[in-house]
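Peer 1: sequence and predicted structure, then a few things I'm wondering about:
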Amino acid sequence: MSNPDGSAIRGLGLDQFLLFGDSITQWNYDPSNHGWVASLAHKYIRLVDIVNRGFSGYNTEWCLPILPSILETTLPSQGRNKILLVVLFLGANDAAFPATHRQHVPLQQYSDNLTSMIRIVRAHHPEARILLVTPPPVFADDWEVNCVAKGRPLDRTADITFKYHTASLQVGQATGVPTLDTWKLFFGPEGRYDPVVAKSVLHDGLHFNAKGNDIFAAGIQDRIATLWPELTPEQLFKDLRLPWHDQLDVDDLPESLFRNERK
């Protein structure tokens with residue numbers, strides 16, 4: 001395939017990490033809040049494309065029908081590029097109270113939806129690694145202020161969210177998918193809820209502040225390094241699609257630009 005000017009279209013598209021979640025994913029490209037997605041994108045610049053598919057307010061029931069289309073439409077060139085990693089980070093909205101919020105998804109349905117998502121990823125992209133992330137803790141006192149300001153009662157608490165956290169761990173174990181336990185990440189090895197810590201990492205009782213994002217970003221990167229060391233920036237640099245400027249052979253242009261082109 002060629003451009004109108006006759007130059008060939010080369011295979012320079014990048015592989016991808018796909019981040020699929022709710023507002024805790026969608027809004028975290030924000031560098032002013034140390035967004036964990038922004039941190040990941042910074043670490044992997046020029047190596048992989050970090051695809052943010054976070055949908056604010058969504059639960060697993062609403063995300064499940066759109067996942068197949070997302071998996072099949074995000075890659076720049078099917079066949080040449082791959083989704084290397086899918087991060088499934090949902091449950092914060094599923095855990096809303098059934099009596100106060102339409103976001104609520106019953107616990108068993110939440111588990112079934114996560115299981116279905118894992119099956120869909122495996123069917124569409126069998127080689128993709130999958131990382132399941134548990135819904136993080138909430139700090140109800142601060143979140144209630146947010147709810148009241150919007151004219152509604154408190155719609156979630158830490159003890160209810162913990163049940164969804166536990167369910168996601170069980171889904172990970174049943175499906176053989178590694179899981180990042182956010183409660184252990186924030187509260188230590190036992191994962192025991194600490195309201196002081198919860199308040200310190202959430203800016204409104206539900207969403208990460210800069211401190212929470214720093215901790216979470218480090219946790220994601222640590223899991224990648226531990227589970228799939230071949231996906232670390234250091235390893236991916238060895239297969240850089242376009243060479244560093246000081247490695248170009250200026251007497252052999254444009255061919256030296258494309259020596260790492262993926263066929």
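Peer 2: Perfect, I can see it now.

Peer 1: those strands in the stretch 151-263 of the chain, which residues are they?
Peer 2: Using DSSP state E, counting those that start in this stretch, the strands of the stretch 151-263 of the chain run over 179-180.

Peer 1: low pLDDT regions in it?
Peer 2: Low-confidence segments of the stretch 151-263 of the chain (pLDDT under 70): 262-263.

Peer 1: for the stretch 1-150 of the chain, which segments count as helices?
Peer 2: Secondary structure of the stretch 1-150 of the chain by DSSP state H, counting those that start in this stretch: the helices cover 23-26, 36-43, 60-63, 67-73, 107-124, 140-149.

Peer 1: for the last one, packing partners?
Peer 2: Using 3 or more CB pairs under 8 Å, 6 or more residues apart in numbering; DSSP states H and E as the contact criterion, the neighbours of helix 140-149 among helices and strands are helix 195-201. (Glycine included, C-beta is placed from N, CA and C.)

Peer 1: same check, this time on the fifth one
Peer 2: Judged by 3+ CB pairs under 8 Å, 6+ apart, the packing partners of helix 107-124 are helix 60-63, helix 67-73, strand 83-89, strand 129-133, helix 158-175.

Peer 1: so for the last one, what gets flagged as buried?
Peer 2: With burial defined by 16 or more other CB atoms under 10 Å, the residues of helix 158-175 counted as buried are 158, 160-162, 164-169, 171-172, 175.

Peer 1: cool, and the second one?
Peer 2: By neighbour count with 16+ other CB under 10 Å, helix 67-73 contains the buried residues L67, I70, L71.

Peer 1: thinking again about what came up before, so which of the buried residues of helix 158-175 comes closest to I215?
Peer 2: H165 (16.1 Å; CB to CB).

Peer 1: if you skip the residues just before and after it, what's nearest to that closest one?
Peer 2: T134 (4.3 Å; CB to CB, 6 or more residues apart in numbering).

Peer 1: cool, L84 as well?
Peer 2: Counting by CB to CB, 6+ apart, the residue nearest L84 is D15, at 5.0 Å.

Peer 1: now do the one you found against P243, distance only.
Peer 2: 17 Å (CB to CB, to the nearest Å).

Peer 1: of the two, who's got more company?
Peer 2: Comparing D15 with P243 by other CB atoms under 10 Å, the one with more neighbours is D15, at 22 against 14.

Peer 1: so the more buried one sits against V51, correct?
Peer 2: No. At 10.4 Å, D15 does not count as touching V51 under the criterion of CB atoms under 8 Å.

Peer 1: doesn't G35 make contact with D214?
Peer 2: No. Counting by CB under 8 Å, D214 does not reach G35; the two are 10.0 Å apart.
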